[in-house]
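A.B. asks: just a sequence and a predicted model for now, questions to come.
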Amino acid sequence: MSRAPSRAPAPRRSRPDDLRLGSPRPRLRMLSLGLTLVMLVFAVRLVHVQVVDAAAYTEQASSNRYVTVPLAAQRGDITDRNGTALATTVDAYDIIADPTLFTRDITGVDDAPEQAAALLAPVLGEDEEELAALLATPDSQYVLLARQQTPQAWRQITDLRRALAERADAGTGHQVLTGVFREPNPKRVYPGGDLAAGVLGFVNNEGRGGAGIEAQFDRELAGQDGAIRYAQSGGRRVPTAGSHEQPPVPGTDLELTIDRDIQWAAQRAIEAQVAESVADGGYVVVQDARSGEVLAMASAPGFDPNDYAATDPALLGNPALQDAYEPGSTSKVISMAAVLQEGVAGTGTHVTVPNRLPRADRAFADDHEHDTLHLTLAGVLARSSNIGTILAVELLGDTQSEANEVLHSYLTAFGFGRPTGLGFPGETAGILADPGDWNASQQYTVAFGQGLSVNAVQAASVYSTVANGGVRIAPTLIRGTTGADGRYEPWPRPEPERVIDEATADDLTAMLETVVADDELGTGRIARIDGYRVAGKTGTSNRVDPGTGRYRGYTSSFAGFAPADDPRITVYCAVQNPTEGPHSGSQVCGPVFKEVMEFSLKSLRVPPTGAEVRSLPATFDPGDSATADAAAGGDASRRETDPEE
Amino acid sequence: MSGGSGAPGPRPARPARRAGMTAGGATGRYPAGTSTAQQRLARLAALVPRGSSSAARTPFVLLIVVLLGAGMLALLLLNAALNEGSFEQAELRRETEELADEEQALQAEVDAYSAPDTLAGMARELGMVPGGPPVFLDPEGEVLGSAEPVPVPPEPEASPEESPGPPDSPEPGESGEPAGSEAPASGEDPEDTGDAQAAGGPGDTGDTGDTGDTGDTGDTGPGGNG
């Protein structure tokens, strides 16, 4: 077109005659139409790609470029009351391998699995042949060589690999460790080993709490996993491409009421005693008498949560909360509390105790034969007389069923037959039947702690209640939590419940002190601690064999608190089925009580109060029994003259 | 379309109109009637501004090139810096991880040493025994509790010959009681403890002949390392 002006007009005019060219206009229009159509197609496609299917394509594009890496939340620590870690989490790696990288093609040698196994076995502490067999697994790209190895072990492997690489470069060796990898799998560590293992529990292979506090507070401890998503190239992060990070929320740290040192002392003492008595097991519970906080909860035999898989699964619990057994004489203190609180007898009330007491279908006896005893109520407890206790409890109501009702209400108030409030997994509430369901002999045995079952913490809590002036504070195991934000939250304190009056508690304390202090009748003399006033009670009960459901063997126990005039610490000890040596509560558990109590007093720096030991008269002269006591006391002595003597 | 192309009318009219326009634009020099294609070209060429030669364009192009180049270079450097940062970050991350691992390993070691079991074992090796009931000294110097030396456990040979030392309260203050309360070292030979205690050596005590010193030497017997 642009050339048009240079042409002479003449030939143009002649052209239509011989060669008529089509006008360019239709062609142009066709072309532009075509172009328009093409552009339209492009535009539609553009809109389709950019608007309609945008998300799908973005996704496809980014699926290779972006990687999402999970960020594991750090599990919270469990510490004792002083902040010493009882359970913590450290970095660890599962060592894995891809057997396809151990073939001849890759490594250049035939026995690559064997060579690799020989190198890895000492580092991983695994059997060499097993490793070689794993590495030679056909048709697999994943084998787990070892679980939760330390970072140091992994570094040793990488060092080995580097050394091999150098040798391979030099042509003097073969790289056989190409196919070894690691996967992070943080490890739960219990620095104290079996210390407080029953309370703590363990963390299973999936990283969830398997028992104890670890299971009870698994959700809080676990925290919330996060994830990071970023663009990568050749395994490296592309800095300009932007990333999206959902940071993990670390788990809550738990602070227990346990005192590590007291726990250790308790655990050592009970383990030694259980071993010495060749017993089935034993428990020690140490409680702060004023706050209800559990300072130690030890049981034997224990287990090491670092290696729970190698332990007999039957041992992986917390027997101090999960075993229900008949408490025996240590629960006589509740019968006495009921008698004193109801005002039907006082500490000096005279009780004449015959050698046998026929009640229901049998003749009740004390733990050994004796002539008729002339005991005060304090003496009944000091001497731990079953007959005396039955006689005293009979005063609680006009009829036996009324007395049963009253006793039952006190047992319940002291925490028997209901959960401890700890919410511990697998904890037993014990067995306390309704008074209406008590059978003929049970009506009498309950008074001295047979025919009902409790766990060790419930039994300890009774003594803490008396020590705390009759106010029961439910036991607690958690002192506080430290959340992800680093803020410490004290654990809510349980509501105190008044069970008996302060005066009653004081009388009971005096009676319990007599048990330890009375030189003649006191069954708890072994628990005396120089310089301190100690209140305590022994217990030797017939034990229900968990296998047969029949009475066989004994449960020996000792419970008490100190200092008696300003109680700070309650210690409860029970040993199940001692078969070697003595089986009485004072001889089996008395020394344990004394050892743990002395240690606790030292640990908590509890000074002696310096007050004189108070011991109530335990016996009376039968000559002036008629004048000495109130109608109730007289009633008691009248009643027990009925039987055989 | 065909209709438009068939009509010859409008075609000749165009030059005429153009001529008219140019005539109006440059009247006088080139009369409209005499204009040919040659003349028109010349005239048009004359209209092009002579000043805008290649000489004037060069700096501008250079500027653009420099700007572009600088931009590209800056971007490159920026990217390089970022990437370098990324490498450094990866390196630091690795270092952090290593240090954290090391810290954990050391912490585990400390925990192992400070575990009550280990401590008790080490104390036993030093000849210490678990103390009995605690004894307290109140601010007035009065002793709470009874300060009795703990009986020595069977294995090491006992040295209680001097232990009657802790008197109940003949000499208030430093001499008897605190030593008695810390009885645990008695597993050692009394002469050894005496040496260790009187750091100046036994000769010194003899020289001075001071009553306080003799009191001290007497003290080392029951007190051991107290």
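C.D. replies: Everything's here; your move.

A.B. asks: residue of chain B nearest chain A, please.
C.D. replies: Relative to chain A, the nearest point of chain B is residue B:145 (3.2 Å; CB to the nearest CB). In short, each C-beta sits where N, CA and C put it, glycine included.

A.B. asks: enumerate every residue touching the nearest residue to that residue once chain neighbours are set aside.
C.D. replies: Distance criterion CB to CB, 6 or more residues apart in numbering or on different chains; nearest residue to residue B:145, sequence neighbours excluded, is residue A:531 at 3.2 Å. Contact analysis of residue A:531 by CB atoms under 8 Å, 6 or more residues apart in numbering or on different chains lists A:608, B:133-135, B:144-146.

A.B. asks: so the residue nearest to residue A:302 when sequence neighbours are not counted, which state does it fall into?
C.D. replies: Closest residue to residue A:302 apart from its sequence neighbours, by CB to CB, 6+ apart: residue A:194 at 4.4 Å. Secondary structure state of residue A:194, per DSSP: H, G, I helix; E, B strand; the rest coil, is coil.

A.B. asks: ok, residue A:194 touching residue A:304?
C.D. replies: Yes: counting by CB atoms under 8 Å, residue A:194 touches residue A:304, with 4.8 Å between them.

A.B. asks: okay, those two: which has more neighbours?
C.D. replies: Neighbour totals were compared for residue A:194 and residue A:304, and residue A:194 leads with 21 against 15 (other CB atoms under 10 Å in any protein chain shown).

A.B. asks: got phi/psi on the more buried one?
C.D. replies: With angles defined as degrees, to the nearest 10, residue A:194 sits at phi -80, psi 10.

A.B. asks: do residue A:426 as well
C.D. replies: Phi and psi for residue A:426, reported as degrees, to the nearest 10, are phi 80, psi 10.

A.B. asks: who in chain B is up against chain A?
C.D. replies: Applying CB under 8 Å from any CB of the partner chain, we find that chain B lies next to chain A at B:1-2, B:4-5, B:37, B:79, B:82-83, B:85-87, B:89-90, B:97-98, B:100-101, B:104-105, B:108, B:111-112, B:115-117, B:120, B:130-136, B:138, B:144-146, B:148.

A.B. asks: buried ones among these?
C.D. replies: Taking 16 or more other CB atoms under 10 Å in any protein chain shown as the criterion, what is buried in those is B:83, B:101, B:104, B:111, B:115-116, B:120, B:130-136, B:144-146, B:148.

A.B. asks: in helices only, show me those residues.
C.D. replies: B:83, B:101, B:104, B:111, B:116, B:120 (DSSP state H).

A.B. asks: can you put the residues you listed in CSV and add pLDDT?
C.D. replies: Shown next, in CSV, are these (pLDDT from 0 to 100):
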residue, pLDDT
B:83, 84
B:101, 86
B:104, 86
B:111, 85
B:116, 87
B:120, 88
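
A.B. asks: from chain B, how far off is residue A:238?
C.D. replies: Using CB to the nearest CB, to the nearest Å, residue A:238 is found at 8 Å from chain B.

A.B. asks: next one: residue A:212
C.D. replies: Plainly put, residue A:212 is 19 Å away from chain B if you go by CB to the nearest CB.
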